[in-house]
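Engineer: Prediction below, plus the sequence it came from.
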Protein chains: 2
Amino acid sequence: MESRVIIAVDPSPGTSLDRWVSLASSLCDLVAGFKVGLPFMFSYGVSGLRALRGSCDGLLIADFKLADVEHVMVSTLSHVIGYVDGVIAHSFIGLKGGLEGLKGYLDSVGVRLILVISMSHEGSLDVIDVNIDRLLWVADRLKPWGLVAPATRPQVISHVRGRAPWAVILAPGVGVQGARPGDGIRAGADYEIVGRLVTEASNPVEVVKWINGEHARALRERGG
Amino acid sequence: MESRVIIAVDPSPGTSLDRWVSLASSLCDLVAGFKVGLPFMFSYGVSGLRALRGSCDGLLIADFKLADVEHVMVSTLSHVIGYVDGVIAHSFIGLKGGLEGLKGYLDSVGVRLILVISMSHEGSLDVIDVNIDRLLWVADRLKPWGLVAPATRPQVISHVRGRAPWAVILAPGVGVQGARPGDGIRAGADYEIVGRLVTEASNPVEVVKWINGEHARALRERGG
């Protein structure tokens, strides 16, 4: 079975790039890929991203949670095109002058767009989750490759799964944020995003193998 | 009169840092300050931000449009604390596990929080603007130093002004994005954010002086 695990690479200040390059190499055959956010970029810059890209052929996702006007998002991404396979942006910012242009740009350079529909923290309930059908409308207009919905609220994943059968669903929030491995998959997600549970483990390889096993079990339950 | 102009520093790839450091020095006495976004950080890194900080004592705002969970936002900002006076984040991500922790962190390091309530592009109407009172509720719970509302839709600024009399309002969208200098101030904003209209001008100093004049006129009209 192909792994459903995407590792969130979120370095604390002071951590060396070598640590992440070596972690990515050692996990490469066991996971679907990796995602990096702004902490990684601010720590190691574009050259760090290039090094991570070189360490594993799996999916590499730029999780910058982009939420700006089109020209700023495109200008930001122009630095990382060639190193990443996908980019995460917020559906919240809407189409004209925002996501429409971003989608056109990413299509032109062959990079996948992934839109956040709901987030893993409790504050997501304040504004985001009460707008979920509006956010799905935005996503439906663009048909991005993927959508983000939280493993911490499986019922949200089920809702997104039903409304966007065309989408690959990525589910963050597994581990330190509270969801158990398999919670997202069982609810209909395609990938679970796992960070500190793996990256701060004394034996990351063993933890990933255990998560892969939990995912196999979740897929059997989902199928049955 | 103190200037109401904040210059958006959004470098195209290939532009040298020297150009921006020298622009900041030459405009320093004529503007309220500068803001940098991800294109600046990806081009020049934290050392570029340090150089810009050294070139002018005015406000320096990190406009990263932060919209992530608390631990990722705090980890991102840990790289730039000491160089910036304010940070822009999205009110739509909500309080618990998001903005509450961000506000606490920024208070502890003496940096101002600025929350986006509405954006300058048309896509802002899709989801953001129909939620404006909900977003203002989030802001009201945190009482950040500033709020962002677009000069391209002055009626939105007036609404925010009425609902958040405690806030400093920053209005982007002046120039290339369509609003004229003074539109935001006239509607109740405290600062207008101007990018390419100044930074791509052949004589930025003269353009800023003209904008300052337009602002003085707008303030007289607002007062009268």
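Structural biologist: Looks like it came in fine. Numbering: from 1, shown residues only, chains lettered A, B, ... in the order given.
Engineer: List the buried residues in the top helix by length along chain A.
Structural biologist: When chain A is parsed with DSSP state H, its longest helix is helix A:204-223. Buried residues in helix A:204-223, counting neighbours by 16 or more other CB atoms under 10 Å in any protein chain shown, are found at A:204, A:207-208, A:211-212, A:214-215, A:218. Any C-beta I mention is one placed from the backbone N, CA and C, and that applies to glycine too.
Engineer: Please apply the same query to stretch A:72-85.
Structural biologist: Going by neighbour count (16+ other CB under 10 Å), the buried part of stretch A:72-85 is A:72-81, A:83-84.
Engineer: Render the CA-only coordinates of it in PDB, please.
Structural biologist: Taking Å, rounded to 0.1, in the frame of the first residue of the first chain, the C-alpha atoms of stretch A:72-85 are listed here in PDB:
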ATOM      1  CA  VAL A  72       1.900  39.100  -4.100                       C
ATOM      2  CA  MET A  73       1.100  35.400  -4.100                       C
ATOM      3  CA  VAL A  74       2.600  34.900  -7.500                       C
ATOM      4  CA  SER A  75       5.700  36.900  -6.600                       C
ATOM      5  CA  THR A  76       6.100  34.800  -3.500                       C
ATOM      6  CA  LEU A  77       5.800  31.500  -5.300                       C
ATOM      7  CA  SER A  78       8.100  32.500  -8.200                       C
ATOM      8  CA  HIS A  79      11.000  31.800  -5.700                       C
ATOM      9  CA  VAL A  80      10.000  28.200  -5.100                       C
ATOM     10  CA  ILE A  81       8.700  27.000  -8.400                       C
ATOM     11  CA  GLY A  82      10.800  24.100  -9.600                       C
ATOM     12  CA  TYR A  83      11.200  22.800  -6.100                       C
ATOM     13  CA  VAL A  84       7.600  22.100  -5.000                       C
ATOM     14  CA  ASP A  85       4.700  19.900  -6.400                       C
END
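Engineer: what's it in contact with?
Structural biologist: Here stretch A:72-85 makes contact (CB atoms under 8 Å, 6 or more residues apart in numbering or on different chains) with A:33, A:46, A:49-50, A:52-53, A:59-62, A:64, A:66, A:68, A:87, A:89, A:98, A:101-102, A:105-106, A:109, A:111-112, B:10-13, B:37-39, B:42-43.
Engineer: Let's see which of the residues you listed end up in helices.
Structural biologist: Using DSSP H, the contacts of stretch A:72-85 in helices are A:46, A:49-50, A:52-53, A:101-102, A:105-106, A:109, B:38-39, B:42-43.
Engineer: Which of the buried residues of stretch A:72-85 lies at the shortest distance from B:Ile117?
Structural biologist: A:Val72 (17.8 Å; CB to CB).
Engineer: Looks to me like that closest one is in a strand.
Structural biologist: No - using DSSP: H, G, I helix; E, B strand; the rest coil, the assignment for A:Val72 is helix, not a strand.
Engineer: got JSON lines for the buried residues of stretch A:72-85, with distance to A:Leu147, secondary structure and pLDDT too?
Structural biologist: Below are those laid out as JSON lines (distance: CB to CB, whole Å; DSSP: H, G, I helix; E, B strand; the rest coil; pLDDT from 0 to 100):
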{"residue": "A:Val72", "distance to A:Leu147": "23", "secondary structure": "helix", "pLDDT": "95"}
{"residue": "A:Met73", "distance to A:Leu147": "18", "secondary structure": "helix", "pLDDT": "98"}
{"residue": "A:Val74", "distance to A:Leu147": "21", "secondary structure": "helix", "pLDDT": "97"}
{"residue": "A:Ser75", "distance to A:Leu147": "25", "secondary structure": "helix", "pLDDT": "96"}
{"residue": "A:Thr76", "distance to A:Leu147": "21", "secondary structure": "helix", "pLDDT": "97"}
{"residue": "A:Leu77", "distance to A:Leu147": "19", "secondary structure": "helix", "pLDDT": "98"}
{"residue": "A:Ser78", "distance to A:Leu147": "24", "secondary structure": "coil", "pLDDT": "97"}
{"residue": "A:His79", "distance to A:Leu147": "25", "secondary structure": "coil", "pLDDT": "96"}
{"residue": "A:Val80", "distance to A:Leu147": "21", "secondary structure": "coil", "pLDDT": "97"}
{"residue": "A:Ile81", "distance to A:Leu147": "22", "secondary structure": "coil", "pLDDT": "96"}
{"residue": "A:Tyr83", "distance to A:Leu147": "23", "secondary structure": "coil", "pLDDT": "97"}
{"residue": "A:Val84", "distance to A:Leu147": "18", "secondary structure": "coil", "pLDDT": "98"}
